[in-house]
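J.: here is my input, please return the structure:
(2 chains)
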Amino acid sequence: MMNTWLYARNLIVGLWIVFKRTFTKPVTVQYPEEQPYLPPRWRGRIVLTRDPDGEERCVACYLCSAACPVDCISLQAADNPEAHDRRYPAFFRINFSRCIYCGMCEEACPTNAIQLIPDFEQSEYARRNLVYEKEDLLISGTGKYHDYNFYRMAGVRTRDKDKGQGEHELPPVDVKSLMP
Amino acid sequence: MATIIVDNKSYTVDEQQNVLAACLGHGLNVPYFCWHPAMGSVGACRQCAVKQFKDDRDQSGRLVMSCMTPATNGTRISIDDPEAKAFRAAVIEWLMVNHPHDCPVCDEGGECHLQDMTVMTGHVYRRYRYQKRTHRNQALGPFIRHEMNRCIQCYRCVRYYRDYAGGRDLNVFGSHDAVYFGREQDGTLENEFSGNLVEVCPTGVFTDKTFFHHYTRKWDLQAAQSICPHCSLGCNTTAGERSGTLRRITNRFNSQVNGYFLCDRGRFGYEYVNSPHRIKRAVVRPGRHPSQLRTTEGVPHPLEFAADSVRQARGIVGIGSPRASLEANVALRSLVGPQHFYQGIDEQERRLLSTILKVLQTGPVPSASIHDAEQSDAVFVLGADLLNEAPRLALALLQSIRQQPMEQVDALKIPRWDEAAVRNAVQNRRGPLFLAGYQRTWFHEYATDTYFAAPDDLARLGFAVAGSISQEAPSVPDLSPEVRDLTQRIAEALTHAQRPLIIAGTESGSHATIEAAANVAWALHQQGKQPRLSFVLPECNSAGLALLGGGSLNDAFDAIRRGKADTVIVLENDLYRRADQAHVDAFFETAHTVIAIDSVENRTTAHADVLLPAATGPESDGTFVNQEGRAQRFYQVFVPDGDVKESWRWLSELGRATSQEGGSESGVETWRNFDDAVSATAIAAPELARIGEVAPSASFRLVGQKAPRQSERCSGRTSLISHLTMHEPPPPVDHDSPLGFTMEGYRGPLPSPLISQFWAPGWNSIQAVNTYQDEVGGPLRDEMPGVRFIEPVATKTSGWFTTIPLAFQAPAHQWLLLPLSAVFGSDELSNRSPAIAERIGKPFLSLHPSDGARLTLEDHSTIDLVLQDMTYRLVVHLDPSIPVGTAGLSLVPEVSGVSVPAWVDLLKAIQTEHKRRAA
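T.: This is a model prediction of the structure:
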């Protein structure tokens, strides 16, 4: 007896909600005519960014590939002969057919090079087209983080920064001086 | 044994140790920097602080440095004490004040002791807001990169380089917080063991430059045990590969062999594997003209072609090699038959090796491992230039000279690990080390006495020493007074020692020095000592080849010349390095078909009708027998591309192809995997019977699993080859070893040959080796340090060698040309590595200044030497250590294939610019 009343009440409440919804604005978006709003930190397509000076940010440290739970990132470090001591990836490959857009690579990246951006339109008819090489990944801007330049912080010498010219660095020590 | 109490738990430890080593041995994590198991404690870095308590009622305790605290019975310490923890965290924080923000671009990152220790102490955030000091770097040559900003002033580098390895050109400069570790000015680090700085440095100040050029992180390397093929010592290495390229060699601890260190030839000589001159395809070259070289499409398959030639041959000559694995040599011997198998070495070398074998097998004195050499308290080296021929042994002797002074250290009750106190007590005292040879190196500065003479005179010195140690040993009459004095001094030092070591070399080709060394060791044995003998052999598997037996290269030449055979199979051997060009040319001319199996192009492979690409050491499974007689296994690190296969596999396939019509299979034809090769090798010679015990067989499993070659965090699995194919092919299957080419498999304790790389949670650097040992510095758990094939059976000296040569006397106008090995340049394979090639010196001729005057040659002048129908351009070195009447010829690639020692009339053979103009 008690149950019957309960069922009837739930039925009426449910129908009332449906009835109410009939007069509200629908949330469905007419994609692709209408583009949905994606917040800036939405985890979509992966890009490689450049530092504010326009150089590649990636220093081929392998942390993204180590962090990747599906092992879909591979790269090879090389030394750029034009920029003394500056590492860059000779190749950088992401197999998006394996990628799960978890963002671990971005979290691991110590130079803010690899970033997930609010773009999910990556559908392809052939799986091989989902393999992105460095040319496909590298963009010409700084992405989400505008100011960070790893080499300004790192102690190594590069083409445009001598020892001691980085941030929070003293000029190189004169070993031959005994002054305190 | 003592009991110490750590955080209220008691542990049984060796009381000879310090608390730090004792804790590490029990798997307790105490961070440290300046301490090193091979270099003792100096208590400089203050990182290993723990709290020590007087007794169980002591609540306050005091901070002590665990590396400087002896593990005496009842020592009560706490690692987890809050004050000790805070102290250690503060030390790291101070060190990190100036450490750069470099890890992403630092080659040490991911295997950095400083990273490990920082994580271990819990320091995460830099509170210091002020500026970091910076340093300029130095160019330190082709092996080492320098990045001084990263330095944490632990002083390990200079302690290793100067105190342990005897180097002179690395030092510490400057003062206060700006000390600088480097050279006085830019330049190549001269010491032959400089590569160990990469492992000794706890952070990235010194990194491997060859690795830098094809860098990958430690966790991405596919690694396995390898045995260094660049000299006869057989040091254990870990070879790491990624994407089909051998990336680097690191030291692999073996308590009996190389311990914690390698030489630079072994560490940086690996790049021959990646050489552009590698043979990757099996080819047939009809007509033996390079222009007609075609791919396999136009001509029959190389293996079938080779099988046809073998079937139709009137006779086969199989030429083995001292740089090929034991299994490959056995395969060749089985294919061609023992009577047609020739060791690919010249007659003189073959005879020397058989004498050495006889000495070690019939005499009562066992051979010495490198570990034994380190422990010996008096050393006599006869005619071996260790620094250039067997560098790691020279490093061991630098430690052996500390053995005798250690007795005084013990008398002063200073623990041996207390390095600073030991050095202070020892001062400049050194144990006896006698070096007799014919070329001076910096190593001679550490000798008690040196003697430079021709090989015959060296042998006479040896015989004389034996004669004065034992009455029964033959003595040498008519010695000069100086040599007699020296003989007395050597004999006295050796008889006062407990564990004397006698080392003899084969380079000079002198039988007499070998025999003299044997006499000395046997005489010492008769006096109740425990002497050891060590012979430096020419190549990595010389001993294994000698155990296998077979004729020399000259016999092989004879067989072809007399028409007994017309087909030649050359196994991993460049005959042009072993005999003069005219002979080898004639040999190849006469032979109808030449089948060569080799890994890197050389002058011999250029003559091959059929060329089969052999796998190099890190691409194959095999066994080497080192100079001590120790058989050690090396494992395939990666599957090579192209047609490359192990030599023994090629030979077994050749055997099957040859006998296809025959029916039943026998010998090498039945080999399907490496275990078959091992069981066939075990019955190839009586001494090889225990080869199966060298390492676990392919069927070995732990919990039903193989051991992985890749680390748990090996990356890029689904994208490394996705640009080639989207279908992720299964990883290769290894039927030859209990190792797998994946990251899957058993992750617990493994027998030492199956460990891929040393790693433990929290210990990413190579110092993780501590976690593999029960006692720090001792053997690994489940260590399989190799099997010694040669053990003495006799307990008494039976027959002395009595053929004492006459004193050296050069005939008029004749000079004895002696070979001078070079650590960089004399080894065939390592020469192909760009970094080593950069260190190879110019070919030179060493002469005594008086001979130089006689020949009117000036120091550093350039000459042309006509030798065995070849002309060599050489630089003259006038060196007072070269005996009068002899001349030293540097064995660098430009002068390979010269038969030395040889008598030469230098007056005629030398063409100077002046002479040419006069003509």
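J.: going forward, measure contacts between C-alpha atoms and count neighbours the same way
T.: Fine.
J.: give me the contacts around stretch B:476-495.
T.: Contacts of stretch B:476-495 from elsewhere in the structure, counted by CA atoms under 8 Å, 6 or more residues apart in numbering or on different chains, are B:378-380, B:432, B:434, B:449, B:460-461, B:463-469, B:500, B:524, B:527, B:529, B:804.
J.: tell me which residues of it are tucked away?
T.: By neighbour count, with 16 or more other CA atoms under 10 Å in any protein chain shown as the criterion, the buried positions of stretch B:476-495 are B:476, B:483-484, B:486-491, B:493-495.
J.: contacts only, for residue B:595.
T.: Residue B:595 is in contact with B:306, B:567-570, B:608-612, counting by CA under 8 Å, 6+ apart.
J.: try 10 Å this time
T.: Contact partners of residue B:595, counting by CA atoms under 10 Å, 6 or more residues apart in numbering or on different chains, are B:284, B:302-303, B:305-307, B:309-310, B:318, B:567-571, B:605, B:607-612.
J.: restricted to helices, list those.
T.: Restricting the contacts of residue B:595 to those inside helices, with DSSP state H as the criterion, leaves B:302-303, B:305-307, B:309-310.
J.: distance from the longest helix out of those in chain A to the middle of the chain?
T.: The single longest helix within chain A, with elements called by DSSP H, is helix A:2-21. The gap between where helix A:2-21 is centred and where its chain is centred comes out at 47 Å by CA atoms, centre = their mean, to the nearest Å.
J.: look up phi and psi at the residue positioned nearest the centre of chain A.
T.: When CA atoms, centre = their mean is applied to chain A, the residue found nearest the centroid is residue A:115 (1.5 Å). Here is the backbone geometry of residue A:115 (degrees, to the nearest 10): phi -140, psi 140.
J.: any idea how far it is from chain B?
T.: For residue A:115, the distance to chain B under the criterion CA to the nearest CA, to the nearest Å works out to 17 Å.
J.: contact partners for that residue?
T.: Under the criterion of CA under 10 Å, 6+ apart, the contact list for residue A:115 reads A:41, A:43-49, A:103, A:105-107, A:109, A:137, A:142-145.
J.: put the buried members of those residues into a PyMOL selection.
T.: Once 16+ other CA under 10 Å is used to decide burial, the buried members of the contacts of residue A:115 can be selected in PyMOL as follows:
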select buried, chain A and resi 43+44+45+46+47+48+49+103+105+106+109+137+142+143+145
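J.: just the ones of the contacts of residue A:115 in helices?
T.: Using DSSP H, A:105-107, A:137 are the members of these that sit in helices.
J.: how about a markdown table for those residues, with distance to residue B:48 and pLDDT added?
T.: Putting the ones in helices among the contacts of residue A:115 into a markdown table (distance: CA to CA, whole Å; pLDDT from 0 to 100) gives the following:
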| residue | distance to residue B:48 | pLDDT |
| --- | --- | --- |
| A:105 | 35 | 96 |
| A:106 | 36 | 96 |
| A:107 | 33 | 96 |
| A:137 | 46 | 96 |
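J.: what about residue A:64, distance to chain B?
T.: Remark: distance between residue A:64 and chain B (CA to the nearest CA) = 9 Å.
J.: which strand or helix spans that residue?
T.: helix A:63-67 (DSSP states H and E).
J.: same question, residue A:167
T.: Residue A:167 is located outside every helix and strand, with elements delineated by DSSP H and E.
J.: sorry, back to before: among the contacts of stretch B:476-495, name the ones in helices.
T.: Judged by DSSP H, helices contain the following of these: B:460-461, B:463-469, B:524.
J.: quick revisit: which residues touch the longest helix of chain A?
T.: Contacts to helix A:2-21, defined as CA under 10 Å, 6+ apart, come from no residue at all.
J.: please save the CA atoms from that helix in CSV.
T.: The C-alpha atoms that make up helix A:2-21 are tabulated as CSV, following Å, rounded to 0.1, in the frame of the first residue of the first chain:
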residue,chain,number,x,y,z
MET,A,2,2.8,2.3,1.1
ASN,A,3,4.8,1.4,-2.0
THR,A,4,2.0,2.2,-4.4
TRP,A,5,1.7,5.7,-3.0
LEU,A,6,5.4,6.2,-3.3
TYR,A,7,5.4,5.0,-7.0
ALA,A,8,2.6,7.3,-7.9
ARG,A,9,4.3,10.3,-6.2
ASN,A,10,7.6,9.6,-8.1
LEU,A,11,5.7,9.3,-11.3
ILE,A,12,4.0,12.6,-10.9
VAL,A,13,7.2,14.3,-9.9
GLY,A,14,9.1,12.9,-12.9
LEU,A,15,6.4,13.9,-15.3
TRP,A,16,6.4,17.3,-13.8
ILE,A,17,10.1,17.7,-14.5
VAL,A,18,9.7,16.6,-18.1
PHE,A,19,6.8,19.0,-18.5
LYS,A,20,8.9,21.8,-17.1
ARG,A,21,11.9,21.1,-19.4
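J.: next, the contact list for residue B:147, please.
T.: With CA under 10 Å, 6+ apart as the criterion, the residues that contact residue B:147 are A:155-157, B:106, B:134-139, B:182, B:203-207.
J.: now do it, the pLDDT please.
T.: Residue B:147 carries a pLDDT value of 95.
J.: over to residue B:539?
T.: 95.
J.: where's the closest residue to it other than its chain neighbours, which helix or strand?
T.: If you skip the residues right next to it in sequence, residue B:539 has residue B:232 as its closest partner in space, 4.8 Å away by CA to CA, 6 or more residues apart in numbering or on different chains. Taking DSSP H and E as the definition, one finds residue B:232 inside no helix or strand.
J.: what are the pairing partners of the helix or strand containing residue B:846, and which direction each?
T.: Mapping residue B:846 onto the secondary structure by DSSP H and E places it in strand B:844-847. Sheet pairing for strand B:844-847, assigned by DSSP bridges, gives strand B:870-878 (parallel), strand B:886-890 (antiparallel).
J.: okay, these, which one's buried deepest?
T.: Comparing these by mean neighbour count (mean count of other CA atoms under 10 Å in any protein chain shown), strand B:886-890 ranks first with a mean of 26.
J.: can you redo the ones in helices among the contacts of residue B:595 as TSV, where the extra columns are distance to residue A:127, pLDDT and neighbour count?
T.: Conversion of the ones in helices among the contacts of residue B:595 to TSV gives the following (distance: CA to CA, whole Å; pLDDT from 0 to 100; neighbours: other CA atoms under 10 Å in any protein chain shown):
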residue	distance to residue A:127	pLDDT	neighbour count
B:302	39	90	22
B:303	39	90	23
B:305	43	89	21
B:306	44	91	27
B:307	45	91	21
B:309	49	89	21
B:310	50	90	25
